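Trainee: after the sequence you'll find the predicted model.
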Number of protein chains: 2
Amino acid sequence: MKIAVLGGDGYCGWATALHLSARGHRVAIVDSLVRRQWDDDLGVQTLTPIRPLAERLRVWQDLTGNTIEFFVGDVTDYDFLSATIERIEPEAVIHFAEQRSAPFSMIDRQHAVLTQVNNVIGTLNLLFAIRELQPECHLVKLGTMGEYGTPNIDIEEGYIQIEHNGRKDVLPFPKQPGSFYHLSKVHDSHNIMFTCKVWNLRGTDLNQGVVYGTATDEVELDEALINRFDYDEIFGTVLNRFCAQAAIGHPLTIYGRGGQTRGFLDLRDTVRCVELACLHPAEPGEYRVFNQFTEQFSVRELASLVQLAGRKMGLRVAVDHLPDPRVEAEEHYYNAKHSKLMELGLKSHLLSDSLLDSLMNIAVRYRDRIDPSLILPKVNWRQARNERNQPASATAAAPVPSHGFSRDSLP
Amino acid sequence: MKIAVLGGDGYCGWATALHLSARGHRVAIVDSLVRRQWDDDLGVQTLTPIRPLAERLRVWQDLTGNTIEFFVGDVTDYDFLSATIERIEPEAVIHFAEQRSAPFSMIDRQHAVLTQVNNVIGTLNLLFAIRELQPECHLVKLGTMGEYGTPNIDIEEGYIQIEHNGRKDVLPFPKQPGSFYHLSKVHDSHNIMFTCKVWNLRGTDLNQGVVYGTATDEVELDEALINRFDYDEIFGTVLNRFCAQAAIGHPLTIYGRGGQTRGFLDLRDTVRCVELACLHPAEPGEYRVFNQFTEQFSVRELASLVQLAGRKMGLRVAVDHLPDPRVEAEEHYYNAKHSKLMELGLKSHLLSDSLLDSLMNIAVRYRDRIDPSLILPKVNWRQARNERNQPASATAAAPVPSHGFSRDSLP
């Protein structure tokens, strides 16, 4: 199958591109490489030393004989995107090419605007390009479980049957996203649902849980293929961050009471889920939603698991409760359905099996690269940085990164 | 009360600004005047000859002694917007300053992108400006009944209690918007709901039905205060368009079977609803939704009413059914609640009373200005214009209008 992976230089995108290539698909990566620049702008870096994309792909070809084409450019640039889609003629487009950090989106107005323009317009452009140039192509879009928030009822996969005043309908599941980033994904979901309906496009929205781990069979083939592993407060997902903290003897930082419960999955399941979606495409006109995670944990439970794993490795792991920088329920009901990918054949990895071999060992191996000053949360949901009457230095501290707009044209 | 009316040069905004000024509020209009330019770009014009904003305001002051300040600039320009909010120090901001036409948003990719960037970023900027400079200020935001679509259950005002698998929650009402414009309003709603929660802002979202009429007590004081009356396929709402058609002997153009049912209200009720919202502000942290309409009609019913009114004026009015250029149910259940504004004291005008005095008479008075070529639908939901490999002239036919972005910076 000819598959375009937008955002194929990123955390999930890279592992997915290699997995699909290994499975015999013809893969093309489309990426602006802006994420590497955001790291520089924010002064953070992945725990694992990732190589330039061109080098990664060269090594992959040397090892496997498989070529992955790559196109460097921004999906918010329609001329670039449409020319690229026309060249690749993909049967499936996997769209990872979004700003994917909630704290990033909450830094200040400029980061909120950047996140929503980048994500919403990138996806709109993609929908128009598919319609215009490759209307049979199946869009596989990365959403997030965070679109749903934490309702007091079971979370279904995208839709819910509602009975109300004696009448019934199946309607989109109500969304209560918790950051400007999560909001951008909700906006995307509505835009995609609409275009599937009016233009007969094929759409699969993967509402992904929190991904952990960095290894997959393909990534582990060679050090040069190593995947990113973010542990900082902006891009680090909670479990990766906990493992990095454990590795350097830093207390695990639980935000608030730690009853926040979410769906989680191993990166090795991410790549498999995405392939399953590609192999079983949505019908023309269909917009379907899969909840893509395998297990639910509270943050407190994760901390306990990491403590336990650390102990087995001879590490002493303390736990700290910080005031929650986010606005979210710290204890709540949570029961999210996730059977559709299972029905397509997903066999999931369990965290209890992966924690030592795919997380702690990586964190320990690279612990000399950890900068503890990057771990503690500085972005606060209630106190996004003000813009006017700021000393110039405060504004300069986290400039709005370039992402295909010139800085001056940012609204 | 100090009130800022963003978009105060537009159809609803102008009537609202005058109404509030007449009722003793201190009103400031903020408007980029871009809508007048869009008319020029698309080659359409209001049936009624509206005057330049400065002249309108001068006449208003001469007639009433009331000054309305005005600030010309774009809400997508944060420096302008925040400086303006700082100057006005409003107790309430009424936000009409959005691209408000569904067909406009469906012309092509550029108009879709313009609509979503303009509306979503304008509103984001406003939320940040209120938070930073005027956190007690009450945001009164114009949404649309079109956010809900046409579900097969009763439509509630913003939220619905859902019972599911034995548990209950009150959740945002599921949204099924039917154009990139309606989608932009759904995006806004989610963004506002979130900021009310995390920043304790006060928000009222007025999900307005289709507005008809052009007259209010204030607008009628002088010919120079006349309000716009759009009848063209892009900006003309259905009832205004029908009246214009009746006035020139053009058949009323029903799209499809005409069973499309919507909520409607008289412009004189719009201005009153907005004032009621201002007089009864939301609490800090509260995001509330009012469904702002007074009566439901199907398009077929409206056509019959206009035929009847035309007959009373001696006009022969035919009816034509065109293929529906939109993707929408042509027959469906529709029952939308709208009691909250009634509870605040709204006394509504009824269409049966307004049709002759506030619609047909205006259409007949200005019928020499009607250009019949502007009435028939050319924008088609299924066939948004392609962008690549177009002859230059086709692209030039409806250029993306400027709206504070330079054309080159449009993503």
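Mentor: Received it, and whenever you're ready, just let me know what you need. These numbers come from a predicted model, not from an experiment.
Trainee: double-check that A:Ala4 belongs to a strand.
Mentor: Yes: applying DSSP: H, G, I helix; E, B strand; the rest coil, one finds A:Ala4 inside a strand.
Trainee: how far away is it from chain B?
Mentor: Using CB to the nearest CB, to the nearest Å, A:Ala4 is found at 17 Å from chain B. For the C-beta atoms, the positions are set from N, CA and C on the backbone; glycine is no exception.
Trainee: now A:Leu114
Mentor: Counting by CB to the nearest CB - A:Leu114 and chain B are separated by 10 Å.
Trainee: and for A:Lys141?
Mentor: Distance from A:Lys141 to chain B, by CB to the nearest CB: 15 Å.
Trainee: give me the neighbour count for that residue.
Mentor: The criterion is other CB atoms under 10 Å in any protein chain shown. On that basis, A:Lys141 has 26 neighbouring residues.
Trainee: next: A:Val72.
Mentor: 14.
Trainee: do you know the pLDDT at A:Leu410?
Mentor: A:Leu410 is assigned a predicted lDDT (pLDDT) of 34.
Trainee: please, which helix or strand holds A:Ser354?
Mentor: helix A:351-354 (DSSP states H and E).
Trainee: now whichever helix or strand comes after that helix: average pLDDT?
Mentor: The first helix or strand that comes after helix A:351-354 along the chain, using DSSP H and E, is helix A:361-365. For helix A:361-365, mean pLDDT is 94.
Trainee: what does helix A:361-365 contact?
Mentor: Residues from elsewhere that reach helix A:361-365, judged by CB atoms under 8 Å, 6 or more residues apart in numbering or on different chains: A:47-48, A:214-215, A:229, A:231, A:240, A:243-244, A:246-247, A:313, A:315.
Trainee: how far off centre is that helix?
Mentor: 22 Å (CA atoms, centre = their mean, to the nearest Å).
Trainee: report the angle between the longest helix that chain A contains and helix B:109-133.
Mentor: For chain A, the longest helix by residue count, based on DSSP state H, is helix A:109-133. Interaxial angle of helix A:109-133 relative to helix B:109-133 (axes from the mean of the first three to the mean of the last three CA atoms, to 10 degrees): 170 degrees.
Trainee: would you mind getting the angle between helix A:109-133 and strand A:2-6?
Mentor: Using the same axes, to 10 degrees: helix A:109-133 against strand A:2-6 is 160 degrees.
Trainee: name the helices or strands packed onto the following helix or strand past helix A:109-133?
Mentor: Under the assignment DSSP H and E, the closest C-terminal helix or strand after helix A:109-133 is strand A:138-144. Counting contacts by 3 or more CB pairs under 8 Å, 6 or more residues apart in numbering or on different chains; DSSP states H and E, strand A:138-144 packs against strand A:92-95, helix A:109-133, helix A:180-199, strand A:202-208, helix A:267-279.
Trainee: beyond the last one, next helix or strand please.
Mentor: This points to helix A:267-279. Counting by DSSP H and E, what follows helix A:267-279 is strand A:287-292.
Trainee: burial of A:Met313, as a residue count?
Mentor: For A:Met313, using other CB under 10 Å, the count is 14.
Trainee: excluding residues flanking it in the chain, which one is nearest it?
Mentor: A:Met360 (6.1 Å; CB to CB, 6 or more residues apart in numbering or on different chains).
Trainee: any idea how far the closest residue to A:Arg131 other than its chain neighbours lies from B:Ile234?
Mentor: Distances taken as CB to CB, 6+ apart put A:Trp199 closest to A:Arg131, at 4.9 Å, once the chain neighbours are dropped. Distance of A:Trp199 to B:Ile234, given as CB to CB, to the nearest Å: 21 Å.
Trainee: worst-scoring helix or strand of chain A, pLDDT-wise?
Mentor: Least confident helix or strand of chain A, by mean pLDDT, DSSP states H and E, is helix A:392-396 with a mean of 40.
Trainee: for chain B, what's its nearest residue on the stretch 201-350 of chain A.
Mentor: A:Val327 (4.3 Å; CB to the nearest CB).
Trainee: from A:Trp199, how far off is that residue?
Mentor: For A:Val327 relative to A:Trp199 (CB to CB), the value is 37 Å.
Trainee: tell me which of those two has more neighbours.
Mentor: A:Trp199 (20 against 16).
Trainee: surely that one and A:Glu136 touch.
Mentor: No: with contact defined as CB atoms under 8 Å, A:Trp199 does not count as touching A:Glu136 (11.7 Å).
Trainee: for A:Leu267, which non-adjacent residue is spatially closest?
Mentor: That would be A:Gly213: by CB to CB, 6+ apart, it lies 4.4 Å from A:Leu267.
Trainee: any idea how many residues pack against the one you found?
Mentor: Neighbours of A:Gly213 using other CB under 10 Å come to 27.
Trainee: next, it: phi, psi?
Mentor: Phi and psi for A:Gly213, reported as degrees, to the nearest 10, are phi 90, psi 170.
Trainee: and it, what is it in contact with?
Mentor: Contacts of A:Gly213 (CB under 8 Å, 6+ apart): A:Asn240, A:Asp266, A:Leu267, A:Arg268, A:Ser354, A:Ser358, A:Leu359.
Trainee: and what of A:Trp14?
Mentor: A:Gly8, A:Arg56, A:Val219, A:Asn227, A:Arg228 are the contacts of A:Trp14 under CB under 8 Å, 6+ apart.
Trainee: just A:Leu355 next, same as before
Mentor: Counted by CB under 8 Å, 6+ apart, A:Leu355 has contacts A:Cys243, A:Leu305, A:Val306, A:Ala309.
Trainee: any chance of these in TSV, with secondary structure too?
Mentor: Shown next, in TSV, are these (three-state DSSP):
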residue	secondary structure
A:Cys243	helix
A:Leu305	helix
A:Val306	helix
A:Ala309	helix
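Trainee: greatest separation within those residues: which pair is it?
Mentor: Of all pairs drawn from the contacts of A:Leu355, the greatest distance, 10.2 Å, lies between A:Cys243 and A:Leu305 (CB to CB).
Trainee: who has more neighbours out of the two?
Mentor: Using other CB under 10 Å as the criterion, A:Cys243 and A:Leu305 rank with A:Cys243 on top: 32 against 17.
Trainee: from what I see, that one and A:Gln307 are in contact.
Mentor: No: between A:Cys243 and A:Gln307 there is no contact under CB under 8 Å: 11.2 Å.
Trainee: tell me which element the closest residue to A:Val44 other than its chain neighbours falls in.
Mentor: Spatial nearest neighbour of A:Val44, excluding adjacent residues (CB to CB, 6+ apart): A:Asp232 at 4.1 Å. Under DSSP H and E, no helix or strand contains A:Asp232.
Trainee: what's the neighbour count on A:Asp232?
Mentor: Going by other CB under 10 Å, the residues that sit close to A:Asp232 add up to 25.
Trainee: what does A:Glu331 give?
Mentor: 14.
Trainee: so who does it touch?
Mentor: A:Glu331 touches A:Arg257, A:Gly259, counting by CB under 8 Å, 6+ apart.
Trainee: quick check: phi and psi on it?
Mentor: Per degrees, to the nearest 10, the backbone of A:Glu331 is at phi -140, psi 130.
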